[in-house]
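Trainee: when you get a sec, could you give me coordinates for this:
(chains A, B, C, D, E and F)
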Amino acid sequence: MKSILCISRHPPYSSALAREALETVLAAAAFDQPVNLLLMDEGIWQLTPAQQPEANKQKSLARNLSALEMFGVERVYAHHRSAVERGLNTEALCIDTVQWLNDEQVQQLIAQQDHLLSF
Amino acid sequence: MKSILCISRHPPYSSALAREALETVLAAAAFDQPVNLLLMDEGIWQLTPAQQPEANKQKSLARNLSALEMFGVERVYAHHRSAVERGLNTEALCIDTVQWLNDEQVQQLIAQQDHLLSF
Amino acid sequence: MSTLHTVNKSPFSDQSLHSCLNICSSGDSVLLIEDGTYGALGSAPTFKLLQRAIERDIKVYALESDLMARGLQSQIAQGIAIANYPAFVELSCQHTTVQSWY
Amino acid sequence: MSTLHTVNKSPFSDQSLHSCLNICSSGDSVLLIEDGTYGALGSAPTFKLLQRAIERDIKVYALESDLMARGLQSQIAQGIAIANYPAFVELSCQHTTVQSWY
Amino acid sequence: MKFTLVILGAPYSDSASQTALAFAHAALANGHTIYRLFFYADGVHNATRLAAPPQDEHDLPASWQQFITEHQLDAVVCIAAALRRGLLDTTEAERYQKSGDNIAQGFELSGLGQLIEASAASDRVLTFGA
Amino acid sequence: MKFTLVILGAPYSDSASQTALAFAHAALANGHTIYRLFFYADGVHNATRLAAPPQDEHDLPASWQQFITEHQLDAVVCIAAALRRGLLDTTEAERYQKSGDNIAQGFELSGLGQLIEASAASDRVLTFGA
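Mentor: Just a heads-up that it's a prediction; the model follows:
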């Protein structure tokens, strides 16, 4: 079995990329492939609480993030500095399975993988 | 007759946008519509000399820029600060019809227009 | 003679809002749309530039439905007004031209 | 265990190269492709960060055909090597994983 | 006022299409008129009739088509931009000997002259970038 | 080595498609193999058979198709991403009652499982982003 890390660096609603990254993670989990998700840079915005994309006729991404746990992806990794730089309140997020990583821990996580999928 | 200014802020080869901006300017000129082109931000890179996109099977944009004069677009406006910030040598460009504008002159140029087309 | 500037990129990753604020004139308006609405946060790297623009008599708005989509509506910095689509339309009428920064 | 990082956005407008250089580890390589090749210029805002990366034993390359398309091949900063597509392929074999910054 | 809207983004790639459509609805609701919609660059993908998104996702091409039909709007797709990107009507499919076409009813393939003419005839021109 | 390439960009929108194709050519020339090409997100537009760019412009969808056919490569287009964006084969066109289809021969519509399976089977996976 090869381990996959999906690195999601883009914000939630302006394009379908963040959603398509999550669908990839869910697919890997559904096929019992070891998979993790790392949010960094603008991808951090996927974690803001109280997202209401219905006004733009879009579906909430927070729901897909919540679904990860049910599919066996127990934590979502997120880059702490990306959040700090953006002033994101790390205590109030749309999911409660986030594990924050500093630069070094991100490097270690990447080094453990067989494959990276970049979104 | 209404005056049009096409503001081209994107670099030459990664997408078709810079080319499609030039095609718009050429079309306006062909229809005898008063039209000008302003290059700023990453659009400044369209002016670098010695572009050789053939290696990537693309056509040179410099040729389209040169064609503007034939269609009656006698100068190409370009934002001086964008060039300075990028270290572009303003003495060696792919065309010799560039008129450099400072921030204030860009503001004045914009204020004179009936319409802006943003590329 | 004035311009409505729309900006749709996040200033945390892209220079468009920065460029816009350097070029816009007194009497212009700036409307933050799509990912541009992240520029309404006080934590944005363009925050000071934006405050200076407001002091220069440039009005700054953020599009309501894009703020809501991103969960930002309660977090926007002072001096930025919330605009809905009808207001977007009327802003584009009040100004003579519209420049889109993307 | 090392990573090849490709970066395809210009550091003059986008933060991707900046983020990449903050995260990449000693022994990794960075390959500038497409508009990322503007990051090979000494005038780039990421220049110092890139020089420090080179000092940290990170190899930096720029893709030849993308440099040529943009007229940059004679202007790249010291310490950056030019790579063609066969070299790109071999870099992706020498490193165990590839991360694309875009 | 008379508006011309230039749409440069494809559905799903970015928000340009969605923002432009919401703006267009609001413009009509506010009592203005739309002289022309001009789909250019990646915006040509809004004219496809083959999109089949999941039922709970907004079908932007279908919404554009409905909006255009309902208000009898002039919706022009730049022909050069469309041909490059694989958007064809039956005439162009025949001319280029392509087996099939994919442009929805209500959209018309034409040249950049239509954008220039619309600019001359409109009070406001707005670009919706990708 | 066995490569899987993930292509996320449409022709003309950005360079992802062109870079991926040049990489793929070089990989085979260097003696490696390509286990699978996976077209996802906006990359699905590379699979159109209807593109008709000017003769002096590079026809990327045609080049991909030729490359795939010549080397008998496995080229999978993500079905969910394709349906959203208006890329269909005859089966899907029938299922969704769309009048037409536009996917070129050599490309196969399938699910994300094909990307996961390819990752498991490949030595290297590269993403070509937009």
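Trainee: ranges for the helices of the chain?
Mentor: Unless you meant another one, I'm taking chain A. For chain A, the helices defined by DSSP state H cover A:17-30, A:61-70, A:80-86, A:103-111.
Trainee: correction: the question concerned chain E.
Mentor: Under the criterion DSSP H, chain E contains helices at E:16-29, E:60-70, E:79-85, E:90-95, E:113-121.
Trainee: looking at chain C, what residue ends up closest to chain B?
Mentor: Nearest residue of chain C to chain B: C:Ser100, at 3.9 Å (Cβ to the nearest Cβ). The way it works is simple: take the backbone N, C-alpha and C, and place the C-beta from them, glycine included.
Trainee: that residue - how many residues pack around it?
Mentor: Neighbouring residues of C:Ser100 were enumerated by other Cβ atoms under 10 Å in any protein chain shown; the total is 27.
Trainee: contacts only, for it.
Mentor: If a contact means Cβ atoms under 8 Å, 6 or more residues apart in numbering or on different chains, then C:Ser100 has B:118, C:5-6, C:8, E:126-129 as its contacts.
Trainee: kindly report the same for C:Ala69.
Mentor: For C:Ala69, counting by Cβ under 8 Å, 6+ apart, the contacting residues are A:12-13, A:51-53, A:55-56, A:58.
Trainee: for those, pick the one with the most neighbours.
Mentor: Ranked by the number of neighbours (other Cβ under 10 Å), the contacts of C:Ala69 place A:Pro12 first, at 29 neighbours.
Trainee: do I have it right that that one meets A:Ala18?
Mentor: Yes - using Cβ atoms under 8 Å, A:Pro12 is in contact with A:Ala18, at 4.9 Å.
Trainee: intersection of neighbour lists for the two?
Mentor: Both A:Pro12 and A:Ala18 are contacted by A:46, A:61, under the criterion Cβ under 8 Å, 6+ apart.
Trainee: excluding chain neighbours, what is closest to residue 29?
Mentor: Picked chain A for this. The spatially closest residue to A:Ala29, leaving aside those adjacent along the chain, is A:Phe71, at 3.9 Å (Cβ to Cβ, 6 or more residues apart in numbering or on different chains).
Trainee: wait, I meant chain C there
Mentor: C:Lys59 (4.5 Å).
Trainee: now do the one you found against chain E, distance only.
Mentor: Look at C:Lys59 and chain E: by Cβ to the nearest Cβ, to the nearest Å, they are 18 Å apart.
Trainee: could you report the neighbour count for that residue?
Mentor: 18.
Trainee: for it, give me the pLDDT.
Mentor: According to the prediction, C:Lys59 has pLDDT 98.
Trainee: wait, what's in contact with the residue of chain A found nearest chain F?
Mentor: Closest residue of chain A to chain F, Cβ to the nearest Cβ: A:Ala27 (3.6 Å). Each residue near A:Ala27 by Cβ under 8 Å, 6+ apart is listed here: F:111-113, F:115-116.
Trainee: E:Leu60 - how many residues pack around it?
Mentor: Other residues near E:Leu60 number 22, with proximity taken as other Cβ under 10 Å.
Trainee: which residues does it contact?
Mentor: Listed by Cβ under 8 Å, 6+ apart, the contact partners of E:Leu60 are E:11, E:17-18, E:21, E:46, E:51.
Trainee: endpoints of stretch E:26-39, how far apart?
Mentor: From the first residue to the last, stretch E:26-39 extends over 19 Å; the measure is Cα to Cα, to the nearest Å.
Trainee: distance of the spatially most central residue of chain E relative to E:Arg84?
Mentor: By Cα atoms, centre = their mean, the mean C-alpha position of chain E lies nearest to E:Phe39, the distance being 4.0 Å. Shown here: E:Phe39 relative to E:Arg84, a distance of 13 Å by Cβ to Cβ, to the nearest Å.
Trainee: swap in E:Arg49?
Mentor: Distance, E:Arg49 to E:Arg84, using Cβ to Cβ: 19 Å.
Trainee: isn't E:Leu109 up against E:Asp101?
Mentor: No - proximity of E:Leu109 to E:Asp101 does not meet the contact threshold set by Cβ under 8 Å, at 10.1 Å.
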